[in-house]
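Engineer: What shape does this take:
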Amino acid sequence: MTLRDEINTALKQAMRDRAANRLSTLRLIMAAIKDRDIAARSHGEDRTGVDDAEILSILAKMVKQRQESARTYEEGGRLDLAEREISEIGVIEEFLPKQLSEDEVVKAVADAIAEVGASSIRDMGKVMGALKSKFTGQMDFGKVGPLVKDQLNKG
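Structural biologist: Numbering: from 1, shown residues only. Down below sits the predicted model:
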């Protein structure tokens, strides 16, 4: 079962359960996926739609946007809106793989450096590419970048 199918199944279940908030979040997810499908088709890519890896990146981006919005709402004293964003994050994260722990991230970075044979900061792109191909949706690459840089500077 593809990720798209899982989301569609959850959408139908939310309709049956009359879970309005969950349903609206799932509809936002499907709309984002369809937007990416249309963009891919307009670029001449002949396929049935975006794959699971691309859907994971869409979901990760949606989580990040909602985290930023929730933070902004909290700073502005709009806790009701912040809570709504946080509940949407919960729904989106159901479809993301489990986040790696800090220790697992450190090990993954070390493994990726060894795998690509990185020896200097010039190899950072290769290391990040290897990490993104294996761990999309499982780690925050904004936080991993400095960790990779530190490891490469030590080596």
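Engineer: Kindly state the pLDDT recorded for the residue lying closest to residue 117 once chain neighbours are set aside?
Structural biologist: Residue nearest to residue 117 in three dimensions, not counting chain neighbours: residue 123, with 7.7 Å by C-beta to C-beta, 6 or more residues apart in numbering. Just so you know, the C-beta spots here come from the backbone N, C-alpha and C atoms, and that holds for glycine as well. On pLDDT, residue 123 comes in at 85.
Engineer: do the same with residue 82
Structural biologist: 95.
Engineer: Report all helices and strands that the helix or strand where it lies contacts.
Structural biologist: Assigned by DSSP states H and E, residue 82 falls within helix 79-93. Counting contacts by 3 or more C-beta pairs under 8 Å, 6 or more residues apart in numbering; DSSP states H and E, helix 79-93 packs against helix 20-42, helix 52-75.
Engineer: Tell me which residues are up against it.
Structural biologist: Residues from elsewhere that reach helix 79-93 (C-beta atoms under 8 Å, 6 or more residues apart in numbering): 21-22, 25-26, 28-29, 59, 62-63, 66-67, 69-71, 73-74.
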